[in-house]
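Asks: Need a 3D model of the sequence below.
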Amino acid sequence: MSTVWMIRAIWGAGAVHVGIMAANVPLPGRLRVRERLAGVPKFVRQIFYVHWVYIVIVLGMFATLCFGFAAELAGASALGRFLSGFMAGFWLLRIVLQIFYYDREIRRANWGLDLMYIGSLVVLVGIFGMAVVRPVG
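Replies: Reported below is the predicted structural model:
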């Protein structure tokens, strides 16, 4: 595995992050979030929406790291390897939560999107895991 290949893979991971961010735009409507949160106290709704926005901001930061610091994430620095390890673990945990925690009925109703999302997460875990296990640079 060459440095150039790994850097391009990390750029690809940045594109996956941007795709996940973009998917979060229509997702509240598709999941009928407003309707389902209607009976929840206003403060809980506010917390939910703020957390959702913060998650999208973190995704943006991950994408920015991938595009701006790909060589470091590929192994050129200890901090980059640490961040790659963090992102690999972050997305691995998200796969576990997606499969074993989230409502199976909602996942089944949106099976195509669910599979595409899990596939994207597997790609992210693979790329960042490879950067930690086989760093280049």
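
Asks: tell me which element Ile127 is part of?
Replies: Using DSSP states H and E, Ile127 maps to helix 111-133.

Asks: pLDDT on that helix, on average?
Replies: Helix 111-133 carries an average pLDDT of 96.

Asks: What's the first helix or strand after the helix or strand where Cys66 lies?
Replies: For Cys66, the element it lies in under DSSP H and E is helix 42-68. Counting by DSSP H and E, the element after helix 42-68 in chain order, helix or strand, is helix 70-71.

Asks: Tell me which other helices or strands that next one touches.
Replies: If you count contacts as 3 or more Cβ pairs under 8 Å, 6 or more residues apart in numbering; DSSP states H and E, helix 70-71 packs onto helix 3-23. Every C-beta, even on glycine, is put in place using the N, C-alpha and C of the backbone.

Asks: rewinding a little: now the helix holding Cys66: how far from the chain's centre is it?
Replies: Using Cα atoms, centre = their mean, to the nearest Å, the mean C-alpha position of helix 42-68 is found 11 Å from that of the whole chain.

Asks: which parts of that helix are buried?
Replies: For helix 42-68, burial by neighbour count (16 or more other Cβ atoms under 10 Å) applies to Leu59, Phe62, Ala63, Leu65, Cys66.

Asks: cool, and stretch 73-86?
Replies: Leu73, Ala74, Gly75, Ala76, Gly80, Arg81, Leu83, Ser84, Gly85.
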